[in-house]
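A.B. asks: Sequence and predicted model, in that order:
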Amino acid sequence: MTELPLIGEATAAGPGAERASSAGSLAGAKIGVVTFPGTLDDRDAARAVRLAGATPVALWHADTTLGDIDAVVIPGGFSYGDYLRAGAIARFAPLMSRIIDAANSDARLPVLGICNGFQILTESHLLPGSMIKNDHLKFMCRDQVLRVENTSTDWTRDYAAGQEITVPLKNQDGQYIADEKTLDALEAEGRVVFRYVGFNPNGSRRDIAGIANAAGNVVGLMPHPEHAVEAGFGPEDGSGTEGLGFFTSVLNKIVGDNK
């Protein structure tokens, strides 16, 4: 059965999209998209993967193997209802053990955690720090401007340093916190990947919206790039496709590694 489009047929090329789409089809790149009980944005992430030129592969939280994939996206939502703490239960899902091992292996599997996915990455200790309630204690949904601080990660190479992009944000546990020593280390090592611009929507320390691990293969952020991949269906400001660069970036990385 042919899958129906989620939000329409209109598309527009984002940074590196044309190059990645052509090369990606030849490389047969496969990007896993994880679903937990309570995940909301897995189909949106899968669509973003397709628009970038790769093949999305559905992964279930209880799977015990990752299969033949080249990268993985952990989407947003409320895994296991955010009981105990956002991402705290998901961290112990069988599939997360495989993701942790693959991300830390010599192969350095690229991993992107979006919103609840970012929370899961911190709970899994693939990324430092933690996520707590927004400082205003309310759910926040808005278009958010981000500044790209690091373009050397597997997920940001198609952006320019200092580039500002607009993507949707929606969270209630979006306040990134860490002790001063950890924050100083992130700054010194260039591992702050995104910062909020103009408005800090949740009180995150040092306006941090996203970070990476030391190797740059694991990236987590609170805003939702998968909701800004098609013209006319993303943020009201800009082209609405400024999130597509995440997915073309990792595809170009995969294609480059396979040459």
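C.D. replies: Perfect, thanks for sending it.
A.B. asks: How about the helix or strand hosting Val193, which residues are buried there?
C.D. replies: Taking DSSP states H and E as the definition, Val193 sits inside strand 192-196. Neighbour counts using 16 or more other C-beta atoms under 10 Å place 192-196 of strand 192-196 among the buried residues. The way it works is simple: take the backbone N, C-alpha and C, and place the C-beta from them, glycine included.
A.B. asks: tell me the two of these that are most distant?
C.D. replies: Of all pairs drawn from the buried residues of strand 192-196, the greatest distance, 12.2 Å, lies between Val193 and Tyr196 (C-beta to C-beta).
A.B. asks: what separates Val218 from Pro94, distance-wise?
C.D. replies: Relative to Pro94, Val218 is positioned 19 Å away (C-beta to C-beta, to the nearest Å).
A.B. asks: For the residue nearest to Ala90 when sequence neighbours are not counted, list the residues it contacts.
C.D. replies: Across the structure, with C-beta to C-beta, 6 or more residues apart in numbering as the measure, the residue nearest Ala90 apart from its sequence neighbours is Ser79 (3.9 Å). Under the criterion of C-beta atoms under 8 Å, 6 or more residues apart in numbering, the neighbours of Ser79 are 36-39, 61, 86-87, 89-90, 116, 120.
A.B. asks: Please list only the buried members of those.
C.D. replies: The neighbour count (16+ other C-beta under 10 Å) marks 36, 38-39, 61, 86-87, 89-90, 116, 120 as buried among those.
A.B. asks: which two from those residues end up farthest apart in space?
C.D. replies: Looking across these, with C-beta to C-beta as the criterion, the two at the greatest separation are His61 and Ala86, at 15.2 Å.
A.B. asks: quick one: average confidence on the strand or helix carrying Val57?
C.D. replies: Taking DSSP H and E as the definition, one finds Val57 inside strand 55-60. Confidence over strand 55-60 (mean pLDDT, whole number) is 97.
A.B. asks: any idea of the mean pLDDT in the helix or strand following it?
C.D. replies: Of the helices and strands lying after strand 55-60 in sequence (DSSP H and E), the nearest is strand 71-74. Taken as a whole, strand 71-74 carries a mean pLDDT of 98.
A.B. asks: neighbours of Val33, just the number please.
C.D. replies: Other residues lying near Val33 total 25 when counted by other C-beta atoms under 10 Å.
A.B. asks: same check, this time on Asp184
C.D. replies: By the criterion of other C-beta under 10 Å, Asp184 has 12 neighbours.
A.B. asks: isn't Val255 right up against Ala29?
C.D. replies: Yes. Applying C-beta atoms under 8 Å, one finds Val255 in contact with Ala29, separated by 6.7 Å.
A.B. asks: any idea which helix or strand carries the residue nearest to Arg206 when sequence neighbours are not counted?
C.D. replies: Spatially, and ignoring its direct neighbours in sequence, Arg206 is nearest to Leu183 (6.0 Å; C-beta to C-beta, 6+ apart). Secondary-structure element containing Leu183, defined by DSSP H and E: helix 180-188.
A.B. asks: circling back: quick one: the residue nearest to Ala90 and Ala86, what's the gap?
C.D. replies: Look at Ser79 and Ala86: by C-beta to C-beta, they are 8 Å apart.
A.B. asks: which element follows the lowest-mean-pLDDT helix or strand in the chain toward the C-terminus?
C.D. replies: Comparing helices and strands within the chain by mean pLDDT, DSSP states H and E singles out helix 17-27 as the least confident, with a mean of 43. Per DSSP H and E, the first helix or strand lying C-terminal to helix 17-27 is strand 30-35.
A.B. asks: Next, the angle strand 55-60 makes with the helix or strand following that following strand.
C.D. replies: Sequence order places helix 42-52 as the next helix or strand after strand 30-35, per DSSP H and E. Using axes from the mean of the first three to the mean of the last three C-alpha atoms, to 10 degrees, the inter-axis angle of helix 42-52 relative to strand 55-60 is 160 degrees.
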